[in-house]
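> coords below, sequence missing:
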(Lines give C-alpha, C1' and ligand atoms only; values in the text may rest on other atoms or scores of the structure.)
Protein backbone atom coordinates (compact mmCIF):
# COMPACT_ATOMS: atom_id res chain seq x y z
CA UNK A 1 0.00 0.00 0.00
CA UNK A 2 1.35 3.42 -0.97
CA UNK A 3 1.95 5.84 1.90
CA UNK A 4 0.82 9.46 1.83
CA UNK A 5 2.14 12.38 3.83
CA UNK A 6 -0.30 13.37 6.56
CA UNK A 7 -2.27 10.10 6.36
CA UNK A 8 -2.26 7.50 9.13
CA UNK A 9 -3.57 4.03 8.26
CA UNK A 10 -4.60 2.17 11.41
CA UNK A 11 -3.53 -1.37 10.63
CA UNK A 12 -4.29 -2.99 14.00
CA UNK A 13 -5.59 -6.55 13.43
CA UNK A 14 -8.93 -5.80 15.15
CA UNK A 15 -9.46 -2.78 12.91
CA UNK A 16 -8.67 -4.74 9.75
CA UNK A 17 -10.88 -7.67 10.78
CA UNK A 18 -13.86 -5.41 11.45
CA UNK A 19 -13.30 -3.49 8.23
CA UNK A 20 -13.39 -6.75 6.26
CA UNK A 21 -16.71 -7.69 7.86
CA UNK A 22 -18.01 -4.19 7.08
CA UNK A 23 -17.17 -4.65 3.40
CA UNK A 24 -19.12 -7.90 3.06
CA UNK A 25 -22.36 -7.38 1.13
CA UNK A 26 -24.01 -10.05 3.30
CA UNK A 27 -23.48 -8.02 6.50
CA UNK A 28 -26.88 -6.97 7.89
CA UNK A 29 -27.86 -3.38 8.63
CA UNK A 30 -27.75 -4.12 12.37
CA UNK A 31 -24.26 -5.61 12.18
CA UNK A 32 -23.05 -2.84 9.85
CA UNK A 33 -24.08 -0.25 12.46
CA UNK A 34 -22.38 -2.19 15.25
CA UNK A 35 -19.16 -2.59 13.28
CA UNK A 36 -19.15 1.10 12.33
CA UNK A 37 -19.53 2.05 15.99
CA UNK A 38 -16.76 -0.33 17.08
CA UNK A 39 -14.37 0.81 14.34
CA UNK A 40 -15.05 4.43 15.22
CA UNK A 41 -14.05 3.83 18.83
CA UNK A 42 -10.82 2.13 17.75
CA UNK A 43 -9.98 4.94 15.33
CA UNK A 44 -10.74 7.48 18.03
CA UNK A 45 -8.00 5.95 20.20
CA UNK A 46 -5.51 6.62 17.41
CA UNK A 47 -6.56 10.13 16.40
CA UNK A 48 -6.42 11.27 20.04
CA UNK A 49 -3.11 9.57 20.84
CA UNK A 50 -1.18 12.86 21.11
CA UNK A 51 -3.65 14.93 23.14
CA UNK A 52 -1.85 17.23 25.57
CA UNK A 53 -1.86 16.17 29.23
CA UNK A 54 -1.38 17.99 32.49
CA UNK A 55 -0.79 16.64 36.01
CA UNK A 56 -3.43 17.04 38.71
CA UNK A 57 -3.11 16.39 42.42
CA UNK A 58 -5.48 13.63 43.60
CA UNK A 59 -6.01 11.34 46.58
CA UNK A 60 -6.13 7.61 45.93
CA UNK A 61 -7.58 5.38 48.68
CA UNK A 62 -3.98 4.94 49.89
CA UNK A 63 -2.09 8.21 49.41
CA UNK A 64 -1.73 11.57 47.68
CA UNK A 65 -0.28 11.55 44.17
CA UNK A 66 -0.36 13.36 40.84
CA UNK A 67 -2.08 11.88 37.81
CA UNK A 68 -2.37 12.97 34.16
CA UNK A 69 -5.54 14.31 32.60
CA UNK A 70 -6.34 15.99 29.30
CA UNK A 71 -5.22 19.62 29.36
CA UNK A 72 -7.32 22.61 28.39
CA UNK A 73 -10.43 22.55 26.23
CA UNK A 74 -11.46 19.15 24.98
CA UNK A 75 -12.70 17.83 21.65
CA UNK A 76 -15.38 18.59 19.13
CA UNK A 77 -16.62 15.74 16.94
CA UNK A 78 -18.05 16.98 13.64
CA UNK A 79 -19.99 14.30 11.75
CA UNK A 80 -20.89 15.04 8.15
CA UNK A 81 -24.61 14.23 7.86
CA UNK A 82 -26.02 11.78 7.28
CA UNK A 83 -23.50 8.93 7.24
CA UNK A 84 -21.12 10.58 9.70
CA UNK A 85 -23.74 10.14 12.42
CA UNK A 86 -23.04 6.41 12.27
CA UNK A 87 -19.54 7.05 13.65
CA UNK A 88 -20.51 9.53 16.34
CA UNK A 89 -21.73 7.15 19.03
CA UNK A 90 -18.53 5.11 18.95
CA UNK A 91 -16.42 8.20 19.47
CA UNK A 92 -18.65 9.62 22.20
CA UNK A 93 -18.39 6.29 24.02
CA UNK A 94 -14.67 6.98 24.36
CA UNK A 95 -14.89 10.75 24.93
CA UNK A 96 -18.37 11.48 26.36
CA UNK A 97 -17.40 15.05 27.32
CA UNK A 98 -16.76 16.07 23.69
CA UNK A 99 -18.91 18.72 22.07
CA UNK A 100 -20.63 17.91 18.76
CA UNK A 101 -20.84 20.02 15.60
CA UNK A 102 -23.23 18.92 12.87
CA UNK A 103 -22.76 19.80 9.23
CA UNK A 104 -25.19 18.61 6.57
CA UNK A 105 -23.80 18.28 3.06
CA UNK A 106 -24.67 16.26 -0.01
CA UNK A 107 -23.01 15.94 -3.38
CA UNK A 108 -25.18 17.27 -6.21
CA UNK A 109 -25.44 14.40 -8.73
CA UNK A 110 -25.35 16.80 -11.69
CA UNK A 111 -22.58 19.21 -10.78
CA UNK A 112 -20.91 16.91 -8.21
CA UNK A 113 -20.43 19.98 -6.02
CA UNK A 114 -21.23 20.01 -2.29
CA UNK A 115 -24.54 21.51 -1.19
CA UNK A 116 -24.92 22.57 2.45
CA UNK A 117 -28.33 22.12 4.08
CA UNK A 118 -27.56 22.27 7.83
CA UNK A 119 -24.96 23.68 10.20
CA UNK A 120 -24.91 23.80 14.00
CA UNK A 121 -21.60 24.16 15.83
CA UNK A 122 -20.38 25.02 19.37
CA UNK A 123 -19.22 28.60 19.83
CA UNK A 124 -15.80 27.44 21.07
CA UNK A 125 -14.46 25.83 17.89
CA UNK A 126 -11.32 27.98 17.90
CA UNK A 127 -10.38 26.72 21.36
CA UNK A 128 -10.86 23.00 20.67
CA UNK A 129 -9.50 20.26 18.46
CA UNK A 130 -12.15 19.48 15.85
CA UNK A 131 -12.33 15.93 14.50
CA UNK A 132 -14.38 15.70 11.30
CA UNK A 133 -15.87 12.25 10.83
CA UNK A 134 -17.38 10.50 7.82
CA UNK A 135 -17.29 6.80 6.90
CA UNK A 136 -15.84 7.41 3.43
CA UNK A 137 -13.44 9.89 1.85
CA UNK A 138 -14.12 9.26 -1.84
CA UNK A 139 -14.02 12.22 -4.25
CA UNK A 140 -13.26 14.55 -1.35
CA UNK A 141 -15.91 17.08 -2.42
CA UNK A 142 -17.99 17.00 0.77
CA UNK A 143 -14.95 16.55 3.01
CA UNK A 144 -13.27 19.65 1.58
CA UNK A 145 -16.49 21.65 1.86
CA UNK A 146 -17.01 20.55 5.47
CA UNK A 147 -13.48 21.49 6.50
CA UNK A 148 -13.72 24.84 4.74
CA UNK A 149 -17.05 25.61 6.43
CA UNK A 150 -15.73 24.70 9.87
CA UNK A 151 -12.70 26.92 9.32
CA UNK A 152 -15.08 29.76 8.45
CA UNK A 153 -16.76 29.13 11.81
CA UNK A 154 -13.42 29.53 13.61
CA UNK A 155 -11.93 26.01 13.73
CA UNK A 156 -8.14 26.12 13.63
CA UNK A 157 -7.06 22.61 14.69
CA UNK A 158 -8.81 20.03 12.51
CA UNK A 159 -8.36 16.34 11.83
CA UNK A 160 -10.31 14.03 9.52
CA UNK A 161 -11.27 10.44 10.37
CA UNK A 162 -12.84 7.97 7.95
CA UNK A 163 -13.23 4.22 7.78
CA UNK A 164 -12.05 4.00 4.19
CA UNK A 165 -10.53 6.24 1.53
CA UNK A 166 -8.74 6.17 -1.83
CA UNK A 167 -5.96 8.13 -3.58
CA UNK A 168 -8.38 10.59 -5.19
CA UNK A 169 -9.94 11.54 -1.87
CA UNK A 170 -6.59 11.93 -0.15
CA UNK A 171 -5.19 14.11 -2.93
CA UNK A 172 -8.32 16.30 -2.91
CA UNK A 173 -8.47 16.88 0.85
CA UNK A 174 -4.73 17.21 1.42
CA UNK A 175 -4.43 19.42 -1.65
CA UNK A 176 -7.04 21.93 -0.47
CA UNK A 177 -6.31 21.57 3.25
CA UNK A 178 -2.71 20.41 3.79
CA UNK A 179 -3.02 21.38 7.47
CA UNK A 180 -5.67 18.68 8.07
CA UNK A 181 -4.22 15.19 8.69
CA UNK A 182 -6.24 12.06 7.93
CA UNK A 183 -6.77 8.85 9.92
CA UNK A 184 -8.32 5.83 8.20
CA UNK A 185 -8.62 2.06 8.40
CA UNK A 186 -7.76 1.53 4.73
CA UNK A 187 -6.81 3.03 1.38
CA UNK A 188 -8.50 1.32 -1.59
CA UNK A 189 -7.34 1.44 -5.20
CA UNK A 190 -9.60 4.17 -6.61
CA UNK A 191 -13.04 5.37 -7.75
CA UNK A 192 -15.48 4.09 -10.35
CA UNK A 193 -17.29 6.35 -12.82
CA UNK A 194 -19.99 7.11 -10.22
CA UNK A 195 -17.47 8.23 -7.61
CA UNK A 196 -17.72 5.11 -5.43
CA UNK A 197 -14.60 3.62 -3.83
CA UNK A 198 -13.42 0.25 -5.23
CA UNK A 199 -13.51 -2.38 -3.84
CA UNK A 200 -15.03 -0.26 -1.08
CA UNK A 201 -18.04 -1.13 1.04
CA UNK A 202 -20.88 0.40 -0.95
CA UNK A 203 -22.91 3.43 0.09
CA UNK A 204 -22.25 3.81 3.82
CA UNK A 205 -25.39 5.84 4.46
CA UNK A 206 -27.65 3.32 2.74
CA UNK A 207 -26.04 0.43 4.60
CA UNK A 208 -26.25 2.20 7.95
CA UNK A 209 -29.90 3.11 7.63
CA UNK A 210 -31.29 0.37 5.41
CA UNK A 211 -32.14 2.68 2.48
CA UNK A 212 -31.50 2.11 -1.19
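Arrived safely. This is a predicted model, so every value here is computed, not measured.
> Isn't residue 8 up against residue 46?
Yes: contact status for residue 8 versus residue 46: in contact at 6.7 Å, counting by C-beta atoms under 8 Å. All C-beta atoms are positioned from the backbone trio N, CA, C, and that covers glycine.
> residues shared between the contacts of those two?
residue 183 (C-beta atoms under 8 Å, 6 or more residues apart in numbering).
> Pull up the gap between residue 206 and residue 140, please.
20 Å (C-beta to C-beta, to the nearest Å).
> For those two, work out which one has more neighbours and name it.
Between residue 206 and residue 140, residue 140 has the larger neighbour count (other C-beta atoms under 10 Å), namely 24 against 14.
> Grab the nearest non-local neighbour of the more buried one.
Nearest non-adjacent residue to residue 140, counting by C-beta to C-beta, 6 or more residues apart in numbering: residue 172, 2.8 Å away.
> Wasn't that neighbour part of a helix?
Yes: counting by DSSP: H, G, I helix; E, B strand; the rest coil, residue 172 is part of a helix.
> what's the neighbour count on the residue lying closest to residue 6 once chain neighbours are set aside?
Excluding its sequence neighbours, the residue lying closest to residue 6 (C-beta to C-beta, 6+ apart) is residue 181, at 4.6 Å. Using other C-beta under 10 Å, residue 181 has 17 other residues around it.
> likewise the one 4 residues further on?
Residue 185 is flanked by 25 other residues according to other C-beta under 10 Å.
> and it, what does it touch?
Going by C-beta under 8 Å, 6+ apart, residue 185 touches 9-10, 15-16, 18-19, 39, 43, 163-164.
> And the average pLDDT for the helix ranked longest in the chain is what?
As assigned by DSSP state H, the longest helix anywhere in the chain is helix 29-47. In this model, helix 29-47 carries a mean pLDDT of 97.
> buried stuff in that helix?
Residues of helix 29-47 classed as buried under the neighbour-count rule (16 or more other C-beta atoms under 10 Å) are 32-44, 46-47.
> isn't residue 169 right up against residue 142?
No: applying C-beta under 8 Å as the test, residue 169 and residue 142 come out as separate, 10.1 Å apart.
> Of these two, which one has the most company?
residue 169 (28 against 25).
> Name the residues of the helix or strand harbouring the more buried one that are buried.
Following DSSP states H and E, one finds residue 169 within helix 167-176. For helix 167-176, burial by neighbour count (16+ other C-beta under 10 Å) applies to 168-170, 172-174.
> Distance from it to the middle of the chain?
Taking C-alpha atoms, centre = their mean, to the nearest Å, one finds helix 167-176 lying 15 Å from the centre of the chain it belongs to.
> for stretch 183-197, same thing?
Distance, centroid of stretch 183-197 to centroid of chain: 15 Å (C-alpha atoms, centre = their mean).
> what comes up buried for it?
So for stretch 183-197, counting by 16+ other C-beta under 10 Å, buried means 183-188, 191, 196-197.
> Can you lay out these as CSV showing pLDDT?
Formatted as CSV, those follow (pLDDT from 0 to 100):
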residue, pLDDT
183, 98
184, 98
185, 98
186, 97
187, 97
188, 97
191, 96
196, 93
197, 97
